[in-house]
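Q: Just the structure for this:
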Amino acid sequence: MANDSDMCLTLPLRADEESFFALQSELEALEKQIHDLLEIVDVIVDRQTHLQERKAALETSRANARKAAANKEVTRFHSGFDW
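A: Okay, the predicted model is just below:
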């Protein structure tokens, strides 16, 4: 039969094991949250890149449209004169 000193050593070890497994479980949960958040960040970065590319294309299109409108206005202005 175990004496009192053996029981004193066994109980703290079990408590430490439970604490270890609880902390390990929390750590795994945090690692999953970090992984999930990193995936979300990747999606956001991809979306931001796409939007920046689209913005650049729209700005180019707008500049081209303004240039074409200005050229049309100059052509219309010059066509009103008999040179």
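Q: Any figure for the gap between Lys55 and Ala69?
A: Distance of Lys55 to Ala69, given as CB to CB, to the nearest Å: 21 Å. Any C-beta I mention is one placed from the backbone N, CA and C, and that applies to glycine too.
Q: repeat for Ala56
A: Counting by CB to CB, the gap from Ala56 to Ala69 is 20 Å.
Q: Then Arg47?
A: Distance, Arg47 to Ala69, using CB to CB: 32 Å.
Q: and Ala69, helix, strand or coil?
A: helix (DSSP: H, G, I helix; E, B strand; the rest coil).
Q: any idea how far Ser79 is from it?
A: For Ala69, the distance to Ser79 - CB to CB - is 16 Å.
Q: Burial check on Glu17, number of neighbours?
A: 10 (other CB atoms under 10 Å).
Q: so where does Ala57 fall, helix or strand?
A: Assigned by DSSP states H and E, Ala57 belongs to helix 4-79.
Q: Which elements pack onto that helix?
A: Judged by 3 or more CB pairs under 8 Å, 6 or more residues apart in numbering; DSSP states H and E, helix 4-79 has no packing partners among the helices and strands.
Q: how far is it from where the chain is centred?
A: From the chain centre to the centre of helix 4-79 is a distance of 1 Å (CA atoms, centre = their mean, to the nearest Å).
Q: Quick one: mean pLDDT over it.
A: In this model, helix 4-79 has a mean pLDDT of 87.
Q: residue contacts, the residue positioned nearest the centre of the chain?
A: The centre of the chain sits closest to Val41, judged by CA atoms, centre = their mean, with a distance of 1.6 Å. Residues counted as contacts of Val41 (CB atoms under 8 Å, 6 or more residues apart in numbering): none.
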